[in-house]
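Visitor: coords please:
(one chain, ligands or ions: 2)
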Amino acid sequence: MFDTTHRRLNRLTGEWVLVSPHRTARPWQGQVEDARVPELPAYDPECYLCPGNERAGGHRTPAYDGTFVFDNDFAALTPGVAQAVSDRGGLLVAESERGVCRVVCYSPRHDLPLGQLPVERIRAVMDTWADQYTELGGLDWVSWVQVFENRGAAMGASNPHPHGQIWAEERLPTEAVRELAAQESAAAAGSCLLCDYLAVEEADGARIVLQDEHVTVLVPFWAVWPFETLVLPRGHCGALPDLDGARRDALADALRRLSRRYDSLFGVPFPYTMGLHQRPTDGGAHPGWHLHGHFYPPLLRSATVRKFMVGYELLAQPQRDITPESAAERLRAAVER
Ligand code: H2U
Ligand code: ZN
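Guide: Ligands and ions are numbered 1, 2, ... in the order given. As a prediction, the model looks like this:
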């Protein structure tokens, strides 16, 4: 049945994705992305994330050496918002939302993306993410700490200097609510959804991209984006601070290897949104929550042809052409550039 049109269930979110394997042969005369890759200098005097340079609002980025974290000068969420709710007949419903937004520069180097940093530097980024989770998640009003990176102009990154963001907020956002419901219902039945899922994927093998003792990277059975991947620590854990040094090193190495494979797939720095889903910090124990990372890259057939989430996707449900199995096969075969 997987050779013909079918739909697959995303067990984490409960959403279906339509898979149409025969459609990959269709011609394309639509938008092409700009595949030219500008050579980046190690330091750019115009870059507000490079050491010593000026940012918005009169702030200055210090002469940092490792990772550097600062409060976003244009924060979408701020801690001081007055608490309020508004409900007109159950139809116009609104709630205030408090939060904190930070920017994380991975290193002073303007030209080195996460995957090109030495593995101990990636580990340092991971330690920063863990510390931020502990600090922000430790605030008694913060329920969710979202670590993410938008890489490349195609994904809306506003600056090529390798960096990510952290948004911490008062309530669980939509994706977290869905993933929590699925994982808690598995936990209520005495199991971990992602431990069980990982065991099935490892036994099957068709969607595994890379793996070592501590981490498995795979194209999820229910992947929506053409080369979407799920990064799963093997062995149950809920958040980065739960991982010891060896497991953090393994995760850092998996991120390094995965992003290098992405970069070699179409011979360009692969754009993506990636992020970690760590256990909610709302005071609940959530023993069923399994730490994982999502990579959502938009490229479809080449450096210049991307997947658009339009039409049927916006109005009905996500749809994909190449199968998750063939995407995994290509990522497995890709060299680490
Ligand atoms: P993105 O490239 O993912 O947009 O992240 C860059 C962030 O940096 C963005 O959220 C912030 C923007 O608000 N920023 C500052 O905090 N200070 C500046 O001087 C420019 C941009
Ligand atoms: Zn820079």
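
Visitor: So Ala187: helix, strand or coil?
Guide: Under DSSP: H, G, I helix; E, B strand; the rest coil, Ala187 falls in the helix class.

Visitor: Quick one: residues contacting it.
Guide: Residues in contact with Ala187, defined by CB atoms under 8 Å, 6 or more residues apart in numbering, are Leu193, Pro287, Gly288. (C-beta placed from N, C-alpha, C; glycine too.)

Visitor: Once you drop chain neighbours, what's closest to the first one?
Guide: Read it as Leu193. Excluding the flanking residues, the one nearest Leu193 by CB to CB, 6 or more residues apart in numbering is Ala186, at 3.8 Å.

Visitor: Relative to Pro241, how far out is that neighbour?
Guide: From Ala186 across to Pro241, the span is 23 Å (CB to CB, to the nearest Å).

Visitor: Would you mind writing the CA trace of the longest helix along the chain as PDB?
Guide: Of all the elements of type helix in the chain, the one with the most residues (DSSP state H) is helix 245-265. The C-alpha coordinates for helix 245-265 follow below in PDB (Å, rounded to 0.1, in the frame of the first residue of the first chain):
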ATOM      1  CA  GLY A 245      28.100  14.300  29.600                       C
ATOM      2  CA  ALA A 246      28.400  11.300  27.400                       C
ATOM      3  CA  ARG A 247      24.800  11.600  26.200                       C
ATOM      4  CA  ARG A 248      25.200  15.300  25.500                       C
ATOM      5  CA  ASP A 249      28.300  14.700  23.500                       C
ATOM      6  CA  ALA A 250      26.500  12.100  21.500                       C
ATOM      7  CA  LEU A 251      23.600  14.500  20.800                       C
ATOM      8  CA  ALA A 252      26.100  17.200  19.800                       C
ATOM      9  CA  ASP A 253      27.800  14.700  17.400                       C
ATOM     10  CA  ALA A 254      24.400  13.600  16.000                       C
ATOM     11  CA  LEU A 255      23.500  17.300  15.200                       C
ATOM     12  CA  ARG A 256      26.900  17.800  13.600                       C
ATOM     13  CA  ARG A 257      26.600  14.700  11.400                       C
ATOM     14  CA  LEU A 258      23.000  15.400  10.500                       C
ATOM     15  CA  SER A 259      23.500  19.000   9.400                       C
ATOM     16  CA  ARG A 260      26.600  18.000   7.400                       C
ATOM     17  CA  ARG A 261      24.500  15.400   5.600                       C
ATOM     18  CA  TYR A 262      21.800  18.000   4.900                       C
ATOM     19  CA  ASP A 263      24.400  20.400   3.500                       C
ATOM     20  CA  SER A 264      25.700  17.800   1.100                       C
ATOM     21  CA  LEU A 265      22.300  16.600  -0.100                       C
END
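
Visitor: who does that helix touch, helix- and strand-wise?
Guide: The contact analysis (3 or more CB pairs under 8 Å, 6 or more residues apart in numbering; DSSP states H and E) places helix 245-265 against helix 119-137, strand 208-211, strand 215-218, strand 229-233, strand 292-296, helix 324-333.

Visitor: Next one, pLDDT for Trp28 please.
Guide: Residue-level confidence at Trp28 comes out at 65, pLDDT.

Visitor: how about Asp253, what does it touch?
Guide: Val119, Ile122, Asp212, Val215.

Visitor: Check Ser302 and give its pLDDT.
Guide: 89.

Visitor: same deal with Ala153?
Guide: pLDDT, Ala153: 87.

Visitor: Just give me the neighbour total for it.
Guide: 13 (other CB atoms under 10 Å).

Visitor: Backbone dihedrals for the closest residue to it other than its chain neighbours, please?
Guide: In this structure, Ala153 finds its nearest non-sequential neighbour in Pro271, 7.4 Å apart by CB to CB, 6+ apart. Phi and psi for Pro271, reported as degrees, to the nearest 10, are phi -70, psi 150.

Visitor: Ile208 is in contact with Ala328, isn't it?
Guide: Yes: Ile208 lies in contact with Ala328 (CB atoms under 8 Å); the separation is 6.6 Å.

Visitor: ok, the two, which is more surrounded?
Guide: With neighbours defined as other CB under 10 Å, Ile208 and Ala328 compare such that Ala328 has more, 23 against 17.

Visitor: need the contact list for the more buried one.
Guide: Here Ala328 is in contact with Ala206, Arg207, Ile208, Val209, Leu218, Val219 (CB under 8 Å, 6+ apart).

Visitor: so the last one makes contact with Trp225?
Guide: It refers to Val219. No: the criterion here is CB under 8 Å, and Val219 misses it with Trp225 at 9.5 Å.
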